[in-house]
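S.K.: Can you look at this prediction? I've put the sequence above it.
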Amino acid sequence: MTFLLFAEQMLNGLQFGIMLFLMAAGLTLVFGVMGLINLAHGSLYMIGAFAAAAVAGATGSFVLALIASLAAAAAAGALIELTVIRRLYKRDHLDQVLATFALILILSEGTRWVFGSFPLYLDVPSYLSGPVTLPGGIQYPLYRLFIICAGLLVAGGLFALIARTRIGIQIRAGEADREMIAALGVDISRLYTLVFALGAALAGLAGALVGAIQSVQVGMGEPVLILAFVVIVIGGIGSIKGALVGALLVGMTDTMGGVLLPRFFALFLDPSAATTIGASLGSMLIYILMAVVLIVRPSGLYGSA
Amino acid sequence: MTEPLLQTRGITKSFGALKASDAISLDLRPGEIHALIGPNGAGKSTLIKQIAGNMQPDSGTVHFLGQDVTALDTVARARLGLGRTFQISALAMEFTVLQNAVLGALGARGGVMRFFRPVMKDRALLDRATEALERVGLQDHAATRTAELSHGQRRQLEVAVALTLKPRAFLMDEPMAGLGAGGSKRLTGFLDGLRAEAPILLVEHDMDAVFALADRISVLVYGQVIATGTAAEIRANPDVRRAYLGEEDAA
Amino acid sequence: MTRENYINAGLTFLLVLVPFWAWSTGQAYILTLCTKVAILALAGVGLNIALGLGGLVSFGHAAFFGIGGYAMGILASHAQTFDPIMEWPILIEGTKSMPVIWLVAMITSALAALLIGALSLRTSGVYFIMITLAFGQMLYYFTIGWPAYGGEDGLSIYVRNSFPGLNTLVPVQFLILSYVILGLALLFSARLSRAPFGLALTAARQNADRVETVGIAPYRLRLVAFVISGAITGLAGALFADLNRFISPTMFSWHTSGEIMIFVILGGVGRLYGPVAGAALFILLEHLLGGVSDYWKIFLGALLLAVVLFARGGLIGTLAGREVAHD
């Protein structure tokens, strides 16, 4: 394997990891602050992608499409929180799982009803398409580079928001002690709606950004959701830092495993068997990673015991 | 002197800078009630957890029946014969009172991995459970759902479940908490008789009960045992008076 | 008799009456639907042991359903091509015999449950939900990427497997077979919940401290429950594959896990007949609403949401009241 190919795959892994972080951040925030497990987070990813595709189709503007994805997902998140989710905070995890699974059924079928079963396409704008040459002679698609930078920017903004701002202080306080911050006069239900909408907006943005590389279709959020679960199990539920580390680990492992394992097996197996076994094992690699983390640290890398 | 049944040797446990247990050495001898008292935050719960096996000490050992049990978990210590009751009732709330007692009898007898015969028709288990309920005076409530019991009755049931285990030593965490004066007096009388069966390490806030019952009292302050002795000795101990009453001039 | 017993008896009566009517009027399609209800209910009976009795919210039971299905598919496909599964170190050939297939399905899914359970049960709560979900998905992606048995497209089996003395291709005979197995599983599940194991397991769900304090390790109880639960759901998977004469990775998908859970919840979690009522309701809805709209799952979602938010006992809980028998 050449260095160039290796570097390109590393960047792909990084890009994948950062998109996973945008998904996982919302999930882990919602769990950390409200104690809620939200299976419908993948639907918000899908809503973001559909909103972006629809707006891009109507206006031709990619910037407007991204703004639409943020707005639509945040609005959908706030609406869901106000109508359904807030009834679930005091319920057990089983009820939360079932109710949010029900939301997936409603949102997926609803989207299919509105947009039909055929995938939509969101085009990469011309000013972001084509390859760029990076230091070291690495040719890399400009759009993927844009995703990496945009994702890093958002991640940095999120960390700053939580570390520096008033709302961030309230979020951190909410994780530590709900009654206390309510007693201090913070409007807890408004805070919850806000946090949920924020997580939804991040998921929606991820959906739109990835939607331009893949197709936009019903059910697109589900594989990502499950990977995001793996991410926060590895990172430790409730920890944003854990989500970042976990996302990069999973993104890298998945991408590099898929590339390296078939080559590894090709060393001592015939090519077709090596490809098959390598690909199958590659798809299982992150789950094996998760199992190993669980054996060593049952509450994740940055989880509190 | 008789060999102690239960003993901690130099148990130390820190949480950051806080020493919750500071080289605690305690023992429980056959036939006695040994009360452990101390102000809130003295480290009583931390100590109980280390004795019961919920928490590992940083250093020091726990001995039970002459055996070092420091490395054993709660399940293993219970099987050896450590009968514990909780400060906040730990009962299966959906079960009937009798089912909770039968669970204790089942744990004591073993044979949990049986899948076909109805457990509530097992004579031996029922007898043992009923006997325990009778001893604490809950026999009339056998068919009541545990969630419907009063607070005091739950405390009684806690003790009954511990009795079904026929333990070699009891570890009771504030059994009087929340009982009315009458209930507290009745339980005091019951524990008084129980010490002949197995000694009791009793953590309790109810000082009337402690001074009425305890053969020996240990006082825990800031993770340290500052005094151990009979009720009279503890009353007269200047360190204890200082800790509890803040009497600077007591000495 | 409690009200729940009457409801169970009524349900049993309906579940016998409907196929009898369908059989006497020659409606094979209804018979197949009833068979499907019985098999899906069986999967739910399996999950109910972990979820209802043990309080283990497994979102990965599709793993066992799929393993059961693939056990059937692999054995039967090798039998239909007369190509042994393995020749070395021992010769293993395919088979079309249902009892053998069932046994293999149960053993393999029990082994998988042992492995997945041993890891997942180290955690609890929301971690447990996510991890079981993730392991289920792992097998889903594995079967998609595994070309030997059809990969993503799945695999058809041409002839239904055989059971000694029966012609399983006759719908009513396969239906009776499925009913008998469901009946046995219900009987087993009823005995289990009243046995010492059931008492300790349900106690561990309510208060793990209590169980530890009487000298019983909750982890072992839960692991055994998870294994039994997985084996029964695996058996259901084998039967389901036989009903459709088709296996595909969809059996492993997390929607399958969610649906098995829906059977249990719609019917009433922890109730003996909950999965039966839930599966019957599910198939009924699919049949009725599916005819009205292609997007019938919107209504299913709305119903599920309503049950979770407003009718927590499910169908049986709503009809029979909160009281659970204590004998």
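M.R.: Cool, the structure landed.
S.K.: Which stretches in the chain count as helices?
M.R.: All of this refers to chain A. Along chain A, the stretches classed as helices by DSSP state H are A:3-34, A:41-59, A:62-83, A:93-115, A:142-164, A:166-176, A:178-183, A:188-211, A:221-235, A:240-266, A:271-296.
S.K.: My question was about chain C, not that one.
M.R.: Under DSSP H, chain C gives helices at C:3-24, C:28-48, C:62-81, C:98-120, C:125-144, C:171-194, C:196-206, C:208-213, C:218-244, C:254-267, C:274-292, C:296-310, C:314-320.
S.K.: for chain B, same thing?
M.R.: Taking DSSP H as the criterion, chain B carries its helices at B:44-52, B:74-80, B:97-109, B:123-136, B:151-164, B:181-194, B:207-213, B:231-236, B:238-245.
S.K.: Residues of the stretch 101-250 of chain C that sit close to chain A?
M.R.: C:119, C:122-123, C:125-127, C:129-131, C:133-135, C:137-138, C:141-142, C:144-147 (C-beta under 8 Å from any C-beta of the partner chain). From N, CA and C alone the C-beta is placed, and that goes for glycine too.
S.K.: residues contacting the residue most central in space within chain C?
M.R.: Closest residue to the average C-alpha location of chain C: C:Ala43 at 0.8 Å, with C-alpha atoms, centre = their mean. By C-beta atoms under 8 Å, 6 or more residues apart in numbering or on different chains, C:Ala43 lies in contact with C:His61, C:Phe65, C:Ile232, C:Thr233, C:Ala236, C:Gly237, C:Phe240, C:Ile260, C:Phe263, C:Pro275, C:Ala279.
S.K.: Now distance to B:Ser14 and pLDDT too, for those, in a markdown table please.
M.R.: Shown next, in a markdown table, are the contacts of C:Ala43 (distance: C-beta to C-beta, whole Å; pLDDT from 0 to 100):
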| residue | distance to B:Ser14 | pLDDT |
| --- | --- | --- |
| C:His61 | 44 | 97 |
| C:Phe65 | 49 | 98 |
| C:Ile232 | 48 | 98 |
| C:Thr233 | 47 | 98 |
| C:Ala236 | 52 | 98 |
| C:Gly237 | 52 | 98 |
| C:Phe240 | 56 | 97 |
| C:Ile260 | 47 | 95 |
| C:Phe263 | 51 | 90 |
| C:Pro275 | 50 | 94 |
| C:Ala279 | 55 | 95 |
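S.K.: Next, work out how far apart whichever residue of the stretch 101-250 of chain B sits closest to chain A and chain C are.
M.R.: Residue nearest to chain A within the stretch 101-250 of chain B: B:Ala147 (16.3 Å; C-beta to the nearest C-beta). B:Ala147 is 10 Å from chain C, where distance means C-beta to the nearest C-beta, to the nearest Å.
S.K.: Skipping adjacent residues, who's closest to that residue in space?
M.R.: Sequence neighbours aside, B:Met93 is the residue nearest to B:Ala147 in space, at 4.3 Å (criterion: C-beta to C-beta, 6 or more residues apart in numbering or on different chains).
S.K.: now do A:Ala173
M.R.: A:Ile181 (4.5 Å).
S.K.: is it true that that neighbour touches A:Gln170?
M.R.: Yes. Using C-beta atoms under 8 Å, A:Ile181 is in contact with A:Gln170, at 6.2 Å.
S.K.: got the contact list for whichever residue of the stretch 101-250 of chain B sits closest to chain C?
M.R.: In the stretch 101-250 of chain B, no residue comes nearer to chain C than B:Gly107, which is 2.9 Å away by C-beta to the nearest C-beta. Contact analysis of B:Gly107 by C-beta under 8 Å, 6+ apart lists B:Ala78, B:Thr164, B:Leu165, C:Ala200, C:Val211, C:Val214, C:Gly215, C:Ile216.
S.K.: tell me the pLDDT at the nearest residue to the second one once chain neighbours are set aside?
M.R.: The spatial neighbour of B:Thr164 that comes closest, neighbours along the chain excluded (C-beta to C-beta, 6+ apart), is B:Gly104 at 3.4 Å. As predicted, B:Gly104 sits at a pLDDT of 96.
S.K.: Likewise for B:Ala212?
M.R.: Looking at B:Ala212, the pLDDT reads 90.
S.K.: Show the backbone phi and psi for C:Gln27.
M.R.: Dihedral angles of C:Gln27 (phi, psi; degrees, to the nearest 10) stand at phi -100, psi 90.
S.K.: Low-confidence ranges, chain C, go.
M.R.: For chain C, applying pLDDT under 70 flags the ranges C:1, C:322-327.
S.K.: Could you report the neighbour count for the residue in chain A that chain C sits nearest to?
M.R.: Proximity of chain A to chain C (C-beta to the nearest C-beta) peaks at A:Leu105, 3.2 Å away. A:Leu105: 26 surrounding residues under other C-beta atoms under 10 Å in any protein chain shown.
S.K.: so what's it closest to, chain neighbours aside?
M.R.: C:Gly301 (3.2 Å).
S.K.: With A:Gly242 instead?
M.R.: A:Gly242 sits nearest to A:Gly235 (C-beta to C-beta, 6+ apart), 2.7 Å away.
S.K.: Read off the pLDDT value for that neighbour.
M.R.: So A:Gly235 comes in at 93 (pLDDT).
S.K.: Contact partners for it?
M.R.: With contact taken as C-beta under 8 Å, 6+ apart, A:Gly235 is in contact with A:24, A:28, A:241-247, A:300-303.
S.K.: Tell me the most packed of the residues you listed, by neighbour count.
M.R.: Counting neighbours by other C-beta under 10 Å, the top entry in the contacts of A:Gly235 is A:Ala24, with 34 neighbours.
S.K.: Could you check how far that one is from A:Gly42?
M.R.: 12 Å (C-beta to C-beta, to the nearest Å).
S.K.: how near is C:Ala28 to chain A?
M.R.: 30 Å.
S.K.: now B:Ile11
M.R.: B:Ile11 is 21 Å from chain A, by C-beta to the nearest C-beta.
S.K.: Count the residues that sit near that residue.
M.R.: Using other C-beta under 10 Å, the number of residues around B:Ile11 comes to 24.
S.K.: repeat for A:Thr83
M.R.: Neighbourhood size, A:Thr83 [other C-beta under 10 Å]: 11.
S.K.: Next, the contact list for it, please.
M.R.: No contacts exist for A:Thr83 under C-beta under 8 Å, 6+ apart.
S.K.: Can you give me the pLDDT of it?
M.R.: Predicted confidence (pLDDT) for A:Thr83: 94.
S.K.: Which of the contacts of C:Ala43 sits closest to C:Ile85?
M.R.: C:Gly237 (18.3 Å; C-beta to C-beta).
S.K.: quick one: contacts for that closest one?
M.R.: C:43, C:64-72, C:105, C:109, C:251.
S.K.: one more time with 6 Å, if that's ok
M.R.: C:Phe65, C:Gly68, C:Gly69 (C-beta atoms under 6 Å, 6 or more residues apart in numbering or on different chains).
S.K.: ok, of these, which one's closest to chain B?
M.R.: When the contacts of C:Gly237 are compared against chain B (criterion: C-beta to the nearest C-beta), the nearest one is C:Gly68, at 20.9 Å.
S.K.: Can you verify my assumption that that closest one contacts C:Ala110?
M.R.: No. In this structure C:Gly68 lies outside contact range of C:Ala110 using C-beta atoms under 6 Å: 10.3 Å.
S.K.: neighbour count winner among these two?
M.R.: C:Gly68 (34 against 22).
S.K.: residues near residue 168, how many?
M.R.: I went with chain A, as the question did not name one. The number of residues near A:Gly168, taken as other C-beta under 10 Å, comes to 15.
S.K.: look at chain B instead
M.R.: 17.
S.K.: got it, and C:Ala148?
M.R.: 10.
S.K.: so who does it touch?
M.R.: Contacts of C:Ala148 by C-beta under 6 Å, 6+ apart: none found.
S.K.: And for B:Arg155?
M.R.: B:Arg155 neighbours (C-beta under 6 Å, 6+ apart): B:Pro175.
S.K.: Got the confidence number for it?
M.R.: For B:Arg155, pLDDT reads 89.
S.K.: now the one 10 residues further on
M.R.: We note a pLDDT of 94 for B:Leu165 in this prediction.
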